[in-house]
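> coords please:
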Amino acid sequence: MSQSNMLAMILAGGRGSRLHDLTNKVAKPAVYYGGKYRIVDFPLSNCANSDIDVVGVLTQYESVELNSYVAAGGRWGLDTKDSGVFVLTPREKADSGLDVYRGTADAISQNIDFIDKYDPEYLLVLSGDHIYKMNYDKMLQYHKANKADATIAVIGVPMKEASRFGIMNTDENGKIVEFEEKPAHPKSNLASMGIYIFNWKLMRKMLIDDMKNPDSSHDFGKDFIPVMLNNGKSLYAYEFKGYWKDVGTIDSLWEANMDLLDKKNELNLNDRSWQIYTEDSPCLPAYIGPDANVDVAYITQGCIVEGDVHKSVLFTGAKVAAGAKVVDTVLMPGAIVEEGAVVTRALVADGVRIGKNAVVGDANSENILLVAKNVKEA
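Reported below is the predicted structural model:
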């Protein structure tokens, strides 16, 4: 164990149904982001940079690709004698006969034996599907300083959006006095980020009690936090300042990629002091043709651009042929836009081909178009 004596568990079993066809064959944390990364790279890199050396990744739906990806712990420097990334899958059966985690807390309950092997003093529980950079060790120091039983990371959201989140109401010292799940009339704008630090001995006892409770939904937000508050436990809110994005929809995933084009964007992927690690793709450098017209773009290695690209993000190996136009669009790995095609306000899934002279998307559309299947030439 690291000097902090904290073990991390990443909840990476979400179905990601609002991402539609992007998650038909891969789990949400395995979805691509930012040219060459996967969403799960962010919590894993945060753990590595925070000197947390044992990380359990709890997978569930469409997990084959995700399992093989995270098992290569060397990507994040977590493959030494004393460290590792461990894939943990559910053992309990649902009515369907499939192995499932019944809730966020149940996912931890089913893996108590794994945690006990390392005998941590603190347990860090993370969501595996958010884009952000955070130093978890600083959060732990805050937890220790307040002698807390649990610390929950929160972020200030616009008050008009607060009713979409679990909201923490705190006193002037940051101590949580009330938790409200998606309140109609929120008293605060401090939204839970789904990042928790628990004292492991207390949490272990609570998990065992919860497993015996037939009325529990086995969820940290719905069950554990209210119970801890009702029992007079000491819970503190750790306010996070920085970039954080829940990429749960096509629109939000598109927005998170487009944020990279903003010079004022707080998510600096070039920051050497807090790197986001990922798999190394053996590609040639990007090629921009002599007749290409590129204006405000994020272009990754292996891309070939011979047409027009404006306010767009091109992932590894994407291609824009001569005479093609790509505007306000995200092209995922290997996406191809052929000669004369026009793509506007769209997210084109990996490997998808837009045929010659096809017109895809609309500059005036309210929502982003997901193009998950090949488009025939016009």
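> So what would you say the end-to-end distance of stretch 13-29 is?
8 Å (C-alpha to C-alpha, to the nearest Å).
> how far does it sit from the chain's center?
Computed by C-alpha atoms, centre = their mean, to the nearest Å, the chain-centroid distance of stretch 13-29 equals 12 Å.
> Give the buried residues for it.
By neighbour count on 16 or more other C-beta atoms under 10 Å, the buried set for stretch 13-29 is Gly13, Gly14, Gly16, Leu19, Leu22, Thr23, Val26, Ala27, Lys28, Pro29. For the C-beta atoms, the positions are set from N, CA and C on the backbone; glycine is no exception.
> State the mean pLDDT of that stretch.
In this model, stretch 13-29 has an average pLDDT of 78.
> do the same with stretch 295-308
For stretch 295-308, mean pLDDT rounds to 96.
> Could you pick out which of the buried residues of stretch 13-29 are located in strands?
Counting by DSSP state E, none of the members of the buried residues of stretch 13-29 fall within strands.
> Of those, which pair is most distant in space?
Checked with C-beta to C-beta, the buried residues of stretch 13-29 reach their widest spread between Gly13 and Leu22, with 16.4 Å between them.
> Need the three-state assignment for Leu260.
helix (DSSP: H, G, I helix; E, B strand; the rest coil).
> Go ahead and confirm it touches Phe315.
No - with contact defined as C-beta atoms under 8 Å, Leu260 and Phe315 do not form a contacting pair (11.4 Å).
> tell me, what's touching the two both at once?
Common neighbours of Leu260 and Phe315 (criterion: C-beta atoms under 8 Å, 6 or more residues apart in numbering): Gly35.
> okay, these two: which has more neighbours?
For Leu260 versus Phe315, the count of surrounding residues by other C-beta atoms under 10 Å is larger for Phe315: 27 against 17.
> Identify the residues contacting the more buried one.
Here Phe315 is in contact with Tyr32, Gly35, Lys36, Thr300, Cys303, Val330, Leu331, Met332, Pro333, Gly334, Ala335, Asp350 (C-beta under 8 Å, 6+ apart).
> Reformat those as CSV; add distance to Ser127 and neighbour count.
What follows is the contacts of Phe315, written out as CSV (distance: C-beta to C-beta, whole Å; neighbours: other C-beta atoms under 10 Å):
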residue, distance to Ser127, neighbour count
Tyr32, 18, 22
Gly35, 22, 23
Lys36, 22, 21
Thr300, 26, 21
Cys303, 31, 25
Val330, 22, 32
Leu331, 27, 33
Met332, 22, 26
Pro333, 24, 20
Gly334, 28, 17
Ala335, 27, 27
Asp350, 23, 18
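> which among the residues you listed gets closest to Asp106?
For the contacts of Phe315, the nearest to Asp106 is Tyr32 (28.9 Å; C-beta to C-beta).
> my read: that closest one touches Asp41, true?
No - using C-beta under 8 Å, Tyr32 makes no contact with Asp41, being 9.9 Å away.
> any residues in contact with both of those two?
Common neighbours of Tyr32 and Asp41, counting by C-beta under 8 Å, 6+ apart, are absent.
> Report the beta-bridge partners for Glu181.
Here Glu181 shows beta-bridge partners Gly166, assigned using DSSP bridges.
> now do the one 10 residues further on
As for beta bridges, Ala191 partners with Ile155, Ile167 under DSSP bridges.
> Need the pLDDT of it.
With respect to pLDDT, Ala191 has a value of 95.
> quick one: it and Met159 touch, right?
No - between Ala191 and Met159 there is no contact under C-beta under 8 Å: 10.7 Å.
> Tell me which of these two has more neighbours.
Taking other C-beta under 10 Å, Ala191 and Met159 do not tie; Ala191 has more neighbours (22 against 10).
> Name the residues of the host helix or strand of Ser252 that come out as buried.
Using DSSP states H and E, Ser252 maps to helix 250-258. For helix 250-258, a neighbour-count test (16+ other C-beta under 10 Å) marks Ile250, Ser252, Leu253, Trp254, Ala256, Asn257, Met258 as buried.
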